[in-house]
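Chemist: turn this into a structure:
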Amino acid sequence: MIEVLLEKMQPISLDEMQNIRLMDRYDLKYVTSFDLLPQLLEAATPYYKVQTINGVRISPYCTQYLDTPDLQMFLMHQNGKLNREKVRIRSYVDSNLSFLEIKSKNNKGKTTKIRVPVSTSHLDSIADLKEKKQFLEENSIFGSKVLEPMLANSFKRITLVNNEQTERVTIDFDLLFHNYLTGEDKPVENLLILEIKQDGTEYSHLKELLNQMRIKPQSFSKYCMGTVLTNPYIKYNRFKRKWSLINKLTH
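Modeler: Presented below is the predicted three-dimensional model:
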């Protein structure tokens, strides 16, 4: 069903997508049930194109998150700090590309992402980065010496671009988390995570549609929720409401 709907959308190639990277942007995230995806795609078809790589419109991704041994990046979010940072390796499985990324959010809600290519999708330790550790030393508030792999995930993604090429939308589902500290794996089914990415506050057809469906934007961090779902020993007061929402949507 989903593949059939995506076939009806105009494709946009990876090369064309290079002009719409939006590395310095404003994000809006939405969390809802996977069951609503067909309705969303049908409504979006006249206004959006779908990223297509070698005929593939649903792409597998995986991510490895780094943090300090005492989870300082997680705690920055848990404690409500507005200026915060994530360090991760994001891998595009179909393209066999991996990037070491630093993703920062400031107190005005603006997201900035910088990255460098790396030759691996998963580290055993920070030493595996070799000369790329310098990238962290120069750009991360944590440097590199204190960081370790903490969490990994995999998921499927659909990427849409509006016809005006001012907006990018990612739609993620079929999440699976693995926690390196606890060894726990946690699949999350029937959850849909949408993110609307713009360099400003232009009109968005999808934002309007979600508003009509009474689906409101809310913050959502795969790293933080994956940590909460796979580590029973941590404090997660700030995420209890989202944890309850996930339970409601996935059961």
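
Chemist: correct me, but residue 184 touches residue 227?
Modeler: No. Taking Cβ atoms under 8 Å as the definition, residue 184 is not a contact partner of residue 227, at 10.5 Å. Every C-beta, even on glycine, is put in place using the N, C-alpha and C of the backbone.

Chemist: so between these two, which is more surrounded?
Modeler: residue 227 (26 against 13; other Cβ atoms under 10 Å).

Chemist: helix or strand for that one, which one?
Modeler: Element membership of residue 227, judged by DSSP states H and E, is helix 222-230.

Chemist: do the same with residue 157
Modeler: strand 148-162.

Chemist: may I ask which helix or strand of this structure has the lowest mean pLDDT?
Modeler: Across the helices and strands of the chain, the lowest-confidence element by mean pLDDT, DSSP states H and E is helix 240-250, at a mean of 74.

Chemist: next, the angle helix 222-230 makes with whatever helix or strand residue 65 lives in.
Modeler: Secondary-structure element containing residue 65, defined by DSSP H and E: strand 59-67. Angle, strand 59-67 to helix 222-230, by axes from the mean of the first three to the mean of the last three Cα atoms, to 10 degrees: 80 degrees.

Chemist: in strand 59-67, what counts as buried?
Modeler: If you call a residue buried by 16 or more other Cβ atoms under 10 Å, then strand 59-67 has these buried ones: 59, 61-67.

Chemist: ok, now stretch 112-126?
Modeler: Neighbour count says stretch 112-126 has 113-115, 118, 121, 123, 126 buried, by 16+ other Cβ under 10 Å.

Chemist: in CSV, list the C-alpha atoms belonging to that stretch.
Modeler: Coordinates of each C-alpha in stretch 112-126 appear next as CSV, following Å, rounded to 0.1, in the frame of the first residue of the first chain:
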residue,chain,number,x,y,z
THR,A,112,22.6,23.4,13.2
LYS,A,113,24.3,20.2,11.9
ILE,A,114,27.9,19.8,10.7
ARG,A,115,29.5,16.6,9.6
VAL,A,116,32.5,14.8,8.0
PRO,A,117,32.5,11.5,6.2
VAL,A,118,33.8,8.4,8.0
SER,A,119,34.6,4.9,6.8
THR,A,120,32.5,3.0,9.4
SER,A,121,28.9,3.0,10.6
HIS,A,122,29.6,1.8,14.1
LEU,A,123,32.6,2.3,16.4
ASP,A,124,33.8,-0.1,19.1
SER,A,125,35.5,2.8,20.8
ILE,A,126,36.3,6.5,20.1
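
Chemist: residues in contact with it: which ones?
Modeler: Applying Cβ atoms under 8 Å, 6 or more residues apart in numbering, the set of residues contacting stretch 112-126 from outside is 23-24, 62, 64, 66, 89-91, 97-106, 128-129, 132-133, 135, 139, 144-145, 147-149, 152.

Chemist: averaged pLDDT, that stretch. What do you get?
Modeler: The predicted model assigns stretch 112-126 a mean pLDDT of 93.

Chemist: now do stretch 158-178
Modeler: This predicted structure assigns stretch 158-178 an average pLDDT of 94.

Chemist: mind listing what's buried in it?
Modeler: Buried residues in stretch 158-178, counting neighbours by 16+ other Cβ under 10 Å, are found at 158-162, 167-175, 177-178.
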